[in-house]
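Undergrad: quick one: sequence plus predicted model below, questions after.
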Amino acid sequence: EAGVVQSPRYKIIEKKQPVAFWCNPISGHNTLYWYRQNLGQGPELLIRYENEEAVDDSQLPKDRFSAERLKGVDSTLKIQPAELGDSAVYLCASSLNLQGGQFFGPGTRLTVL
Amino acid sequence: GESVGLHLPTLSVQEGDNSIINCAYSNSASDYFIWYKQESGKGPQFIIDIRSNMDKRQGQRVTVLLNKTVKHLSLQIAATQPGDSAVYFCAEMNQAGTALIFGKGTTLSVSS
């Protein structure tokens, strides 16, 4: 069974440019998470989806970050415009439900110059 | 607030030794914990989890111990192998039961 798929794996952009990350969760997993991981730190939750509904986006910087999961399967996280401090690894995870273990994708490493 | 921390940022062991990675958590109401392994350039990989109604849970070469009295979690790896070298994170389910709170991680280095 395929795990969580993310693309691209790496992205280098200049500040003020937009960027988007894509995630396809494990088949059948209703809950999808986007995390940001800074160097040397653990992942920090940005947003959580239950099917197509964003049920926890309290940590998402809404002035520049947006996310969607239109059909309740794959999801896109966007940053516009990107800032230097956005450089990090953006991880997507999914779980069968809120009580289940979360399984992570390989992440997208973003570098903002 | 809620926070999860690890006692040591790095741990170095010889191949074949047993490894113990420790984690202290602050939220006594937490009832679900997970250990993750993260290799360079990869996402965190689920190792083992435990719920607060258990004190111990065993997997293949790994054991997680939970001491709710002192809010302490540990991961024991038996017969550590070079492939076990990675950063290990403990994660705690937040009080609302909606998100995992990760600690900073312990880097395990296994030498042959």
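TA: Noted; the coordinates are in hand.
Undergrad: and residue B:82, how close does it get to chain A?
TA: For residue B:82, the distance to chain A equals 21 Å [Cβ to the nearest Cβ, to the nearest Å]. C-beta here means a position set from N, CA and C on the backbone, and glycine is covered the same way.
Undergrad: ok, and what's touching stretch A:22-32?
TA: For stretch A:22-32, contacts defined as Cβ atoms under 8 Å, 6 or more residues apart in numbering or on different chains pick out A:1-7, A:34, A:48-51, A:69, A:72-77, A:92-98, A:100, A:102-103, A:105.
Undergrad: in it, what's buried?
TA: A:23, A:24, A:25, A:26, A:29, A:30, A:31, A:32 (16 or more other Cβ atoms under 10 Å in any protein chain shown).
Undergrad: can you check stretch B:13-25 too?
TA: Buried residues in stretch B:13-25 (16+ other Cβ under 10 Å): B:13, B:19, B:21, B:22, B:23, B:24, B:25.
Undergrad: stretch B:30-50 too?
TA: In stretch B:30-50, the ones that count as buried by 16+ other Cβ under 10 Å are B:30, B:32-38, B:43-44, B:46-50.
Undergrad: coming back round to it: any chance of the buried residues of stretch A:22-32 in a markdown table, plus secondary structure and pLDDT?
TA: As requested, the buried residues of stretch A:22-32 are exported to a markdown table (DSSP: H, G, I helix; E, B strand; the rest coil; pLDDT from 0 to 100):
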| residue | secondary structure | pLDDT |
| --- | --- | --- |
| A:23 | strand | 98 |
| A:24 | strand | 97 |
| A:25 | coil | 97 |
| A:26 | coil | 95 |
| A:29 | coil | 94 |
| A:30 | coil | 93 |
| A:31 | strand | 94 |
| A:32 | strand | 96 |
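Undergrad: out of those residues, flag the one nearest to residue B:94.
TA: Nearest to residue B:94 among these: residue A:31, at 14.2 Å, using Cβ to Cβ.
Undergrad: name all residues that make contact with the closest residue in space to that closest one that isn't next to it in sequence.
TA: With sequence-adjacent residues excluded and distances taken as Cβ to Cβ, 6 or more residues apart in numbering or on different chains, residue A:31 is closest to residue A:95, at 4.6 Å. Residues counted as contacts of residue A:95 (Cβ under 8 Å, 6+ apart) are A:29, A:30, A:31, A:33, A:101, A:102, A:103.
Undergrad: residue 75: what's it in contact with?
TA: Let's take chain A. Shown in contact with residue A:75 (Cβ under 8 Å, 6+ apart): A:22, A:23, A:25, A:32, A:34, A:49, A:67, A:68, A:69, A:92.
Undergrad: actually chain B
TA: B:19, B:20, B:21, B:23, B:35, B:47, B:48, B:62, B:63, B:64, B:88, B:90.
Undergrad: ok, residue A:109 next?
TA: Contacts of residue A:109 by Cβ under 8 Å, 6+ apart are A:9, A:10, A:11, A:88, A:89.
Undergrad: per-residue pLDDT, the second one?
TA: At residue A:10, the model reports a pLDDT of 97.
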